[in-house]
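J.: Based on what follows, work out the 3D shape:
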Amino acid sequence: MKAVTLKAPGGLENITLSDIADPGRPGKGEIRVAIKASSLNFHDLIVASGQFPTQDGRILLSDGAGIVEEVGEGVEAFKAGDAVVSTFFPNWPAGKPVPAAGSFAHTPGDGVDGMASEYVVRSENAFTHAPQGWSHTESATITTSALTAWRALVTDGQLKAGETVLVQGTGGVSVAALQIAKAMGARVIATSSSDEKLAAVRALGADETINYKTTPQWGDKALALTQGFGVDHVVEVGGPATLNESLKAVKVGGHIAQIGILSGDKADISVLALLAKQVQLKGLIVASRQDQIDFVKALEMMGKKPVIDRTFNYAELSEAFRYQQSGAHLGKICVTW
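T.: Residues are numbered from 1 along each chain as shown. Next up, the predicted model:
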């Protein structure tokens, strides 16, 4: 069977479409899935580029959606023919983060082989049902970025109708957060360096937009757009380069969901500003399997489909990553067989 693997020490030039052994039949508690589609995330890119070293020959990508072909002994939640989508932390069943969620040791495409494979055999905990009526490509956008947005705003943020959410940029997490927030009756302020992308997010429902290139002090602009009170939630994906503006933008007692490290992982922030704003600054990496089950149910009720910018073939994964690096996309980049 075919799979897309990474030769150590990494680098997009070391991504190869390989012929590997079929995983065979599922054992006790396992399911065999024919993977039909995946989506790309920043985490996948830093693994593929070698910034996060992984095992030689690692099969890439954390996100995968497909069809159950066979179930092993004791599996009751799935049956052959079910449409499923992978989980980021298979060993985090529910509730607060567990030790296994403190590293990527069990994350597909990093600590273990990923979903860029025609077939996989995994524990049933490595998947949930996909939303009814969704294509495999659409479902493949859930595992990492969309579920992260759900946890940021709903599981952790307890988002309420009428609150204001600020989303940064137009990548997978931010666009998903925009869609979730609007579906739940919130007001959304979106930032980007591109007026063209800002027009696109307005078409998706953003109430206000800020070009952070022409308005570098965008935290002040967010305050002005909220009559000086600030936003209730910031979906913070930029990291060090944006965190201080996020602190300006958030209201006293507000919530910053620290998700991304696009600008690095060392930040110089004002502790005094943190104290003065009495803000909840919470780091998060994706969410539990139960969160994903809850999110899938919500997606079926919301009636909103993901924004997919472009779809590549798995054989073109290096090209797909280069497109991701360019920053030209809006929403998700996907791959299919």
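J.: Please count neighbours and contacts with C-alpha atoms only from this point.
T.: Will do.
J.: Lys2 bridge partners, please.
T.: Following DSSP bridges, Lys2 is listed with bridge partners Asp19.
J.: ditto for Arg187
T.: Thr164.
J.: ok, it touching Ala181?
T.: Yes: counting by C-alpha atoms under 8 Å, Ala181 is a contact partner of Arg187 at 7.2 Å.
J.: who has more neighbours, these two?
T.: Counting neighbours by other C-alpha atoms under 10 Å for Arg187 and for Ala181 shows that Ala181 has the greater number, 28 against 20.
J.: Show me the protein divided up by domain.
T.: Domain assignment for the chain by automatic domain parsing gives 2-141+306-336, 146-283.
J.: for the record, mean pLDDT for the shortest one?
T.: It refers to domain 146-283. For domain 146-283, mean pLDDT rounds to 96.
J.: Quick one: mean pLDDT for the lengthiest helix in the chain?
T.: Of all the segments of type helix in the chain, defined by DSSP state H, the longest one is helix 289-302. For helix 289-302, mean pLDDT rounds to 97.
J.: Which neighbouring elements make contact with the helix or strand following that helix?
T.: Going down the chain from helix 289-302, the next helix or strand is strand 308-313, by DSSP states H and E. Contacts defined by 3 or more C-alpha pairs under 8 Å, 6 or more residues apart in numbering; DSSP states H and E place strand 308-313 against strand 332-336.
J.: what mean pLDDT does the strand it packs on have?
T.: 98.
J.: Please apply the same query to stretch 82-94.
T.: 98.
J.: switch to numbering from 622
T.: Okay, using 622 as the starting number, the last item reads as stretch 703-715.
J.: For Arg910, find the nearest of the domains of the chain.
T.: domain 623-762+927-957 (5.0 Å; C-alpha to C-alpha).
J.: For that closest one, measure first residue to last.
T.: With C-alpha to C-alpha, to the nearest Å as the measure, domain 623-762+927-957 spans 12 Å from end to end.
J.: same thing with stretch 898-905?
T.: In stretch 898-905, first residue to last residue: 20 Å (C-alpha to C-alpha).
J.: Pull the distance from it to the chain's centre.
T.: 20 Å (C-alpha atoms, centre = their mean, to the nearest Å).
J.: which residues are in contact with that stretch?
T.: For stretch 898-905, the external contacting residues (C-alpha atoms under 8 Å, 6 or more residues apart in numbering) are 769, 773, 868, 871-880.
J.: Neighbour-wise, which one of those residues leads?
T.: Top of those by neighbour count (other C-alpha under 10 Å): Ala773, with 30 neighbours.
J.: Return the residues in contact with that residue.
T.: 856, 878, 905 are the contacts of Ala773 under C-alpha under 8 Å, 6+ apart.
J.: and those as a markdown table, adding secondary structure and distance to Thr835?
T.: Formatted as a markdown table, the contacts of Ala773 follow (DSSP: H, G, I helix; E, B strand; the rest coil; distance: C-alpha to C-alpha, whole Å):
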| residue | secondary structure | distance to Thr835 |
| --- | --- | --- |
| Val856 | strand | 21 |
| Ala878 | strand | 25 |
| Leu905 | coil | 30 |
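J.: Distance to Ala897 added to the residues you listed, as CSV?
T.: Below are those laid out as CSV (distance: C-alpha to C-alpha, whole Å):
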residue, distance to Ala897
Val856, 20
Ala878, 18
Leu905, 23
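J.: Closest one to Ala722 out of those residues, please.
T.: Leu905 (10.0 Å).
J.: Strands of the stretch 822-958 of the chain, start to end?
T.: For the stretch 822-958 of the chain, the strands defined by DSSP state E, counting those that start in this stretch occupy 829-832, 852-857, 871-879, 901-904, 929-934, 953-957.
J.: Which of those has the highest mean neighbour count?
T.: Neighbour counts (mean count of other C-alpha atoms under 10 Å) averaged over each of the strands of the stretch 822-958 of the chain peak at strand 852-857, with a mean of 27.
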